[in-house]
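Peer 1: Would you be able to build a 3D model of this:
(chains A and B)
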Amino acid sequence: MKKNKSLGYEYIKGLWEINPVFKQVLGMCPALAVTVSVMNGLAMGLATTFVLVFSSLLISSIRKFIPNQVRIAAFIVVIATFVTIADLVMKAKFPELSKALGPFVPLIVVNCLILGRQEAFSSKNNPLRSLMDALGNGTGFLIALVVMGGIREMIGSRTLLDYPILPAGFEPWLIMILPAGAFLTLGLLMGLANFYVDKKKRNQQQELIAKYRKPSTTLEIKGEEA
Amino acid sequence: MKIVIHMITTLTLIGVIVGGLLSEINDWASPLIAANQKAETEKAIFLVQPEGKSYETIPKTGIEIYRVYGADKNLVGYSMVSVGNGFQGKVKIMTGLSKDLSEINIIEILEQVETPGLGTKITEEPFKDQFKGLQTTPQVNWVKGKVPEQPNEIQTITGATISSKSVVTIINSGLAQARNLKERGVL
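Peer 2: Numbers count the residues shown, from 1 in each chain, chains lettered A, B, ... in the order given. All right, here's what the predicted structure looks like:
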């Protein structure tokens, strides 16, 4: 069954169908805490994607050597290694960003999204498939964080990537850059995402129903003609 | 038994490999990180002493304080780092002091975790500018809801009284330590 799915699907599904933030509701802690601005969301998304991609790649290539009993311990060690690398590189090359993200970079270790993907996907699939899955989920996480950061930065501090975009007459809503604003944004976006999925599902059902009805209606018309 | 050995060898192997990898990366990163921190401190030292051209760390003081020299190697003042409690967490301030510690040059908030939009106003110009040329004898005072009358007073920010007060308290405690050092002739 799994083998039938194309590589492209493994990537695409992470963007929307199983979007880590809106659908799997994983990695809530960074999603709520760091999305005060687009830049922070972007940096956090990229750091998480980096860790996710490399851990998935490594874990799926050594999955056959890891005994089942110690798999979680092995996963965590691998994930922690890549997180430490990301943290050190950020501190060395982007000190400003590292300061803004504070303790949330080291905390990627315990992001359920990463361990979740290893448990659910990488430990059962080959490296190429795991790479696509990790890239897809990483991109999905990145998109969610950037969208949340964008909305909060725009309403909360009138800027986007530090360029003022709303007129000076607009009084920034402080609540949007406080924790409460994170919950508001996340809740509304999740509702919006579910609304569209429900609509799509309903349309599909209707199409299916219409498809099966068609022959009978045409028959009726024919009958009348006769 | 076989599975136990397998478990131990696998985990040990993973641990050794990633440990080696991390030590390599740390070797590369740690000098860069140290350089970043040094550059940041240097920037802050000269930010609060605009006339400064070079600086010198003063050893054995118990606090972080630097002598700042001007273009012709004469002492222009001191840059002092003081840390204390703000509203939610630690606030770290760099204060530029005149030669005789009687006047504040400029202050700069290095680190803070105050409430966004309220307490964070302590990092903005209108608040920081109040400290320019402020007299420090006998100590810095704050007033609330009215315009300061004395040369050693600043006005607290509406909605961020605690954060404003803590800035004053942190500067005062740093000043007390600096004066003490001055009396002992260390500065």
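Peer 1: Quick check: which ranges of chain B have low pLDDT?
Peer 2: For chain B, no stretch has pLDDT under 70.
Peer 1: Chain A contacts on that one?
Peer 2: B:3, B:6-7, B:10-11, B:14-15, B:18, B:21-22, B:25-26, B:28-29, B:32-33, B:36-37, B:40, B:115-118 (Cβ under 8 Å from any Cβ of the partner chain). Quick note: C-beta positions are derived from backbone N, CA and C, even for glycine.
Peer 1: which strand in chain B runs the most residues?
Peer 2: strand B:75-85 (DSSP state E).
Peer 1: Quickly run through the sheet partners of that strand, with directions.
Peer 2: Paired strands of strand B:75-85, with direction, are strand B:64-69 (antiparallel), strand B:90-97 (antiparallel) (DSSP bridges).
Peer 1: returning to what we had before: in helices only, show me the residues of chain B next to chain A.
Peer 2: Cross-referencing the residues of chain B next to chain A against helices under DSSP state H gives B:3, B:6-7, B:10-11, B:14-15, B:18, B:21-22, B:25-26, B:28-29, B:32-33, B:36-37, B:40.
Peer 1: sorry, back to before: hmm, who's touching the longest strand of chain B?
Peer 2: Applying Cβ atoms under 8 Å, 6 or more residues apart in numbering or on different chains, the contact partners of strand B:75-85 are B:44-45, B:48-49, B:51-52, B:55, B:63-70, B:90-99, B:101, B:105, B:110, B:166, B:169-171, B:173-174, B:177-178, B:187.
Peer 1: Only the buried subset of those, as a ChimeraX command please.
Peer 2: Per 16 or more other Cβ atoms under 10 Å in any protein chain shown, the buried members of those correspond to this ChimeraX selection:
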select /B:44,45,48,49,52,55,64,65,66,67,68,69,91,92,93,94,95,96,97,101,105,110,166,169,170,171,174,177,178,187
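Peer 1: Now for residue 135, how many residues are close by?
Peer 2: I went with chain A, as the question did not name one. When counting by other Cβ atoms under 10 Å in any protein chain shown, one arrives at 19 neighbours for A:L135.
Peer 1: Correction: the question concerned chain B.
Peer 2: B:Q135, neighbours per other Cβ under 10 Å, totals 14.
Peer 1: Contacts only, for it.
Peer 2: B:S102, B:E103, B:Q150, B:P151, B:N152 are the contacts of B:Q135 under Cβ under 8 Å, 6+ apart.
Peer 1: let's go with 10 Å and repeat that
Peer 2: B:S102, B:E103, B:I104, B:Q150, B:P151, B:N152, B:E153 (Cβ atoms under 10 Å, 6 or more residues apart in numbering or on different chains).
Peer 1: Next, the nearest residue to the fourth one once chain neighbours are set aside: phi, psi?
Peer 2: For B:Q150, the nearest residue in space outside its immediate sequence neighbours is B:N141; the separation is 6.9 Å by Cβ to Cβ, 6 or more residues apart in numbering or on different chains. In this entry, B:N141 is assigned phi and psi values of phi -120, psi 160 (degrees, to the nearest 10).
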